[in-house]
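Q: what would the 3D arrangement of this be:
(chains A and B, ligands or ions: 2)
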Amino acid sequence: MLADDLRGIFYIGLKDLRAYYLKPPNISWGILFPFAFVLAFAIRNPGDLRALVPGLIALTLLFGTSSMEAIVIAFERRIGSLERLFLAPVSLPALLAGKLLGGMVFGLTVTLVVLVIALGVFGAASVNWLLLALAILLSAAAFSALGAFVSVAVKEVFEAQTLANFIRFPMMFLGGVFVPVDSMPFALQVIARVLPLTYAVEALRAALVGGVQVDAVFDLLALGLFAAVFFGLAVNRLARLLD
Amino acid sequence: MNIVKVSQLTKVYQIGKDKPPLRAVDGIDFAVREGEVFGFLGPNGAGKTTTIRMLTGLARPTAGNASVMGLDLATDGTRIKKKIGVVPEASNLYDELSAFDNLVFAMQLYGVTRAECQAHAEELLARFRLSEKRDALFAKLSRGMKRALTIAAALAHRPPLIFLDEPTTGLDVMSARNLRQMIAGLRKEGVTVFLTTHYLEEAERLCDRIAIIVKGRLVALDTVENLKSAAQSKTVVEMTLADANNQVETKRVEGENVEAAARAALAQTDGRRVLAINTLRPTLEDVFVKLTGLSADVMLAEKGGKSLS
Ligand SMILES: Nc1ncnc2c1ncn2[C@@H]1O[C@H](COP(=O)(O)OP(=O)(O)OP(=O)(O)O)[C@@H](O)[C@H]1O
Ligand SMILES: [Mg+2]
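A: Ligands and ions are numbered 1, 2, ... in the order given. From the prediction side, this is the model:
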């Protein structure tokens, strides 16, 4: 059974990458979007560009992992091909993990490109590599699980897109990407504390430019918790399709 | 041996708040024997697809239970899934993958080794006359080719039991014929086939036994021959006569058996020449009409299907 599930995760992820992710429009969009956004912000608010790097990486992770993830399941459900996966000897958590694998591999690859460029420009002297790796992996897991949850929560592809943007865009402004959370009004700070992006930006900032490492551990735990919760909710919704 | 055993299987759908619940499948019992082609017929909305969905793990039975290959549906779902192939009503492979890659993926999830995947995919493409379309995207295939490839994918991991939900609906005459030959071939190989179709002639030709379901209930289950005998209590002969002016007339005459019917017919020639006397066997359509109160024409019209030739 475990062998079936591991095989299922691998091949479902691989299939999704080949069928959906590795298409040119998706690749360029995944890389360009966060750059364009951060560039637009930097032009209007010239200042310490280096301070924007953690936000840029976090946004790249968010959009790279979730943009396609948030629609694949709704899409396959509409087309009918999701049933092929339900018919396969693969458990529901493994099916979903396969879906997450596709989003995570794609998001991580795009992020790696952006990261190399950013470190090339700003230098890598103060990087805490272990923390950076953990922050990136856990953020990718949390964001792709969020995407998967969005995708199973709705029936239609356009609904998935709308819901994903409804969640992602406010998160961009409240998650500490451009404005540090500490400098926001208290009410907004409370909201920021329930957004996974906030913890991703904080952990990445600590990893890239140094910071309070104890807080970073808390950030990593929060990201792990978000990933687990979204994953659990998504499996639950998926199971209801088989009623 | 019974490969599928169903007892009191029931599926109730709750549709809307103020409507009564819909008993899509209403406590059916039947068994499918190993190696047979089992026909599952019934009018639109009778519960055929719902039954298949329950047996293949896509829908949870509201009540009752079933075993597939000796494994309990409720507890051994994953092990059952390894041994069955399913062709749904609508072809559902991946538009974005080629014919070949679709077949390979269909095997990968079942643990077929890499080398075997490649070889068997090529073999299936050849068998379904799709080798030319090996690298074409599924999206670019014709409807009949999509149907054929969906069936090939269901066979890819070599399941001993396959569920075919209206495999030939929407196919042209030749493709439907190829498919029927293919189904007959599967039977020879010892694969058990659970088949739903709206083409009675197709069912008659292919199926060892036929179950007829109406409004979620099983109304008949037997061999084609037995169903026909049961549908007609008396023998009917058809006699063709010609008079001196070569005016031809056809008469039908009933009798307790063939001999009595033929004697009765011959007593009604009025001196005309007898050109032919045939015994009339009821068709499966007669059986179907009698049991469901629906004509086969109505069924085909509703499905937008074409008649067989
Ligand atoms: N998910 C569902 N929710 C509510 N009702 C459903 C659902 N699926 C099927 N039904 C209803 O159950 C009944 C049986 O449907 P089913 O698809 O099993 O019929 P069928 O015998 O396959 O018909 P057809 O020949 O048209 O394919 C129909 O009345 C249908 O509307
Ligand atoms: Mg049906």
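
Q: quick one: find the helix or strand in chain A with the lowest mean pLDDT.
A: helix A:24-44 (a mean of 73; mean pLDDT, DSSP states H and E).

Q: does that one come close to chain B?
A: No - shown here: helix A:24-44 not in contact with chain B (Cβ under 8 Å from any Cβ of the partner chain), separated by at least 11.4 Å. (Glycine included, C-beta is placed from N, CA and C.)

Q: which residues does that helix contact?
A: By Cβ atoms under 8 Å, 6 or more residues apart in numbering or on different chains, the surrounding residues in contact with helix A:24-44 are A:20-21, A:49, A:52, A:55-56, A:59-60, A:63-64, A:67-68, A:106-107, A:110, A:113-114, A:172, A:178.

Q: hmm, 7 Å instead?
A: For helix A:24-44, the surrounding residues in contact (Cβ atoms under 7 Å, 6 or more residues apart in numbering or on different chains) are A:49, A:52, A:55-56, A:59-60, A:63-64, A:67-68, A:106, A:110, A:113-114, A:178.

Q: narrow those to those that are buried.
A: The neighbour-count test (16 or more other Cβ atoms under 10 Å in any protein chain shown) marks A:52, A:55-56, A:59-60, A:63-64, A:67-68, A:106, A:110, A:114, A:178 as buried among these.

Q: from the stretch 101-250 of chain B, which residue is nearest to ligand 2?
A: Proximity to ligand 2, evaluated over the stretch 101-250 of chain B using Cβ to the ion, is greatest for B:Asp165 at 5.9 Å.

Q: can you pull the contacts of the spatially most central residue of chain A?
A: Taking Cα atoms, centre = their mean, the centroid of chain A lies closest to A:Phe143, which sits 2.8 Å from it. Listed by Cβ under 7 Å, 6+ apart, the contact set of A:Phe143 reads A:Leu61, A:Leu62, A:Thr65, A:Ser66, A:Gly107, A:Pro196.

Q: same question, B:Gly190
A: With contact set as Cβ under 7 Å, 6+ apart, B:Gly190 has these partners: B:Gly35.

Q: now do it against chain A, distance only.
A: Separation of B:Gly190 from chain A (Cβ to the nearest Cβ, to the nearest Å): 22 Å.

Q: B:Leu241 now?
A: On the measure of Cβ to the nearest Cβ, B:Leu241 and chain A end up 57 Å apart.

Q: that residue: what secondary structure?
A: strand (DSSP: H, G, I helix; E, B strand; the rest coil).

Q: then B:Ile277?
A: Under three-state DSSP, B:Ile277 falls in the strand class.

Q: what sits opposite it in the beta ladder?
A: B:Met239 (DSSP bridges).

Q: how close does it sit to ligand 2?
A: 42 Å (Cβ to the ion, to the nearest Å).

Q: output the least confident helix or strand of chain A as CSV, restricted to C-alpha atoms.
A: Provided in CSV are the C-alpha atoms of helix A:24-44 (Å, rounded to 0.1, in the frame of the first residue of the first chain):
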residue,chain,number,x,y,z
PRO,A,24,5.9,28.2,-21.9
PRO,A,25,3.1,30.7,-20.8
ASN,A,26,3.0,29.2,-17.4
ILE,A,27,6.8,29.3,-16.9
SER,A,28,7.2,32.9,-18.0
TRP,A,29,4.3,34.1,-16.0
GLY,A,30,5.5,32.4,-12.9
ILE,A,31,8.9,34.1,-13.1
LEU,A,32,7.8,37.5,-14.5
PHE,A,33,4.9,38.3,-12.3
PRO,A,34,6.7,38.6,-8.9
PHE,A,35,9.6,40.6,-10.6
ALA,A,36,7.2,43.0,-12.3
PHE,A,37,5.4,43.5,-9.0
VAL,A,38,8.4,44.2,-7.0
LEU,A,39,9.9,46.3,-9.7
ALA,A,40,6.8,48.5,-9.9
PHE,A,41,7.0,48.9,-6.1
ALA,A,42,10.7,49.8,-6.2
ILE,A,43,10.2,52.4,-8.9
ARG,A,44,7.5,54.2,-6.9
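
Q: can you give me the offset of it from its chain's centre?
A: Chain-centre distance of helix A:24-44: 16 Å, with Cα atoms, centre = their mean, to the nearest Å.

Q: in the biggest helix by length in chain A, which residues are buried?
A: Of all the segments of type helix in chain A, defined by DSSP state H, the longest one is helix A:92-122. Going by neighbour count (16+ other Cβ under 10 Å), the buried part of helix A:92-122 is A:92-111, A:114-115, A:118-119, A:122.

Q: same check, this time on stretch B:275-295
A: B:Ile277, B:Pro282, B:Thr283, B:Leu284, B:Glu285, B:Asp286, B:Val287, B:Phe288, B:Val289, B:Leu291, B:Thr292, B:Leu294.

Q: before we move on, back to that, filter the contacts of helix A:24-44 down to just the ones in helices.
A: A:Gly55, A:Leu56, A:Leu59, A:Thr60, A:Phe63, A:Gly64, A:Ser67, A:Met68, A:Phe106, A:Val110, A:Val113, A:Val114.

Q: how close does the fifth one sit to ligand 1?
A: Distance, A:Phe63 to ligand 1, using Cβ to the nearest ligand atom, to the nearest Å: 35 Å.

Q: write out the residues of chain B neighbouring chain A.
A: B:56-60, B:78, B:81-82, B:86, B:88, B:90, B:92-94, B:96-97, B:105, B:108-111 (Cβ under 7 Å from any Cβ of the partner chain).

Q: and the buried ones among those residues, selectable in PyMOL?
A: A single PyMOL command is used to select the members of those judged buried by 16+ other Cβ under 10 Å:
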select buried, chain B and resi 56+57+58+59+78+81+82+86+88+92+93+94+96+97+105+108+109+110
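
Q: for residue 13, what are its contacts?
A: All of this refers to chain A. A:Gly98, A:Leu101, A:Gly102, A:Val105.

Q: actually it's chain B I care about, not the one you picked
A: B:Tyr13 neighbours (Cβ under 7 Å, 6+ apart): B:Pro21, B:Leu22, B:Ala24.

Q: what's the burial count for the second one?
A: Burial of B:Leu22, expressed as a neighbour count using other Cβ atoms under 10 Å in any protein chain shown, amounts to 17.

Q: for the residue lying closest to it once chain neighbours are set aside, give me phi and psi.
A: Residue nearest to B:Leu22 in three dimensions, not counting chain neighbours: B:Tyr13, with 4.5 Å by Cβ to Cβ, 6 or more residues apart in numbering or on different chains. Reported as degrees, to the nearest 10, the phi and psi values for B:Tyr13 are phi -100, psi 130.

Q: quick check, pLDDT for B:Tyr13.
A: pLDDT recorded at B:Tyr13 is 94.

Q: tell me the one among the contacts of A:Gly13 nearest to A:Glu83.
A: Set against A:Glu83, the nearest of the contacts of A:Gly13 by Cβ to Cβ is A:Gly98 (15.1 Å).
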